[in-house]
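Sequence first, predicted model second:
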Amino acid sequence: MTQRTIRLRVNGQSYESQVEARLLLSDFLRDHLGLTGTHVGCEHGVCGACTVLMNGTTVRSCLTFAIQAGGAEIRTVEGMAEGAVLHPLQQAFHETHALQCGFCSPGFLIALEAFLAEHPNPTDAEIRDAVSGNLCRCTGYQNIEEAVRVVVAGRVKEAT
């Protein structure tokens, strides 16, 4: 197989690695860097569990080759919290019980972080549209949407 050198930043840390040209970004994050928060569900880009930020834009890491991320800044769910302090979206998911099995949560959190950066005061319809790109088989989406409303309203409680 053809090996390529990639250099990228993931959650603020620089990495250089030799990878096969066909290695998926999701597999690189999970298997090479040990960042298992990026989940692989459908492997077709439909479910959204593998969503990460690449240079501030959401991408499906199961459809992106690791070499395409060369030179990029990647953010995974592991990069959301500041040490022991949860990101407001993570805290709101906890407070509103917006997750059940949790498999889809990393993809939702990353996608919603990007969404709120562009839509700081979304309508309910915009929130519903934003979550429509990620699949959850457990929650019914109501609590996920409520978590977004909690963040937008600034009603996130401090973690204790």
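Cool, the structure landed.

Domain map for the chain?
Domain assignment for the chain by automatic domain parsing gives 3-79, 88-152.

end to end, how far does the last one reach?
Looking at domain 88-152, the gap from its leading to its trailing residue is 10 Å under the measure Cα to Cα, to the nearest Å.

what's the closest non-adjacent residue to the most centrally placed residue in the chain?
Of all residues in the chain, the one closest to the mean position by Cα atoms, centre = their mean is I110, 3.0 Å from it. Distance criterion Cβ to Cβ, 6 or more residues apart in numbering; nearest residue to I110, sequence neighbours excluded, is T51 at 4.8 Å. (Each C-beta comes from the backbone N, C-alpha and C, glycine too.)

partner residues bridging that neighbour?
Taking DSSP bridges as the rule, T51 bridges to R60.

pretty sure the residue nearest to the centre of the chain is touching G56, no?
No: counting by Cβ atoms under 8 Å, I110 stays clear of G56, with 11.1 Å between them.

now the helix or strand harbouring F108, how far from the centre of its chain.
Following DSSP states H and E, one finds F108 within helix 105-118. Distance, stretch centre to chain centre, for helix 105-118: 6 Å (Cα atoms, centre = their mean, to the nearest Å).

switch to numbering from 58
Will do, 58 is the new start, and the previous item becomes helix 162-175.

Restricting to C-alpha, output that helix in PDB.
Taking C-alpha atoms only, helix 162-175 is exported to PDB below (Å, rounded to 0.1, in the frame of the first residue of the first chain):
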ATOM      1  CA  SER A 162     -24.300  12.000  20.900                       C
ATOM      2  CA  PRO A 163     -20.800  12.900  19.700                       C
ATOM      3  CA  GLY A 164     -22.000  13.600  16.200                       C
ATOM      4  CA  PHE A 165     -24.900  15.700  17.400                       C
ATOM      5  CA  LEU A 166     -22.700  17.700  19.800                       C
ATOM      6  CA  ILE A 167     -20.200  18.500  17.100                       C
ATOM      7  CA  ALA A 168     -22.900  19.300  14.500                       C
ATOM      8  CA  LEU A 169     -24.800  21.500  16.900                       C
ATOM      9  CA  GLU A 170     -21.600  23.300  18.000                       C
ATOM     10  CA  ALA A 171     -21.100  24.300  14.400                       C
ATOM     11  CA  PHE A 172     -24.700  25.200  13.900                       C
ATOM     12  CA  LEU A 173     -24.800  27.500  17.000                       C
ATOM     13  CA  ALA A 174     -21.700  29.200  15.800                       C
ATOM     14  CA  GLU A 175     -23.600  30.300  12.700                       C
END
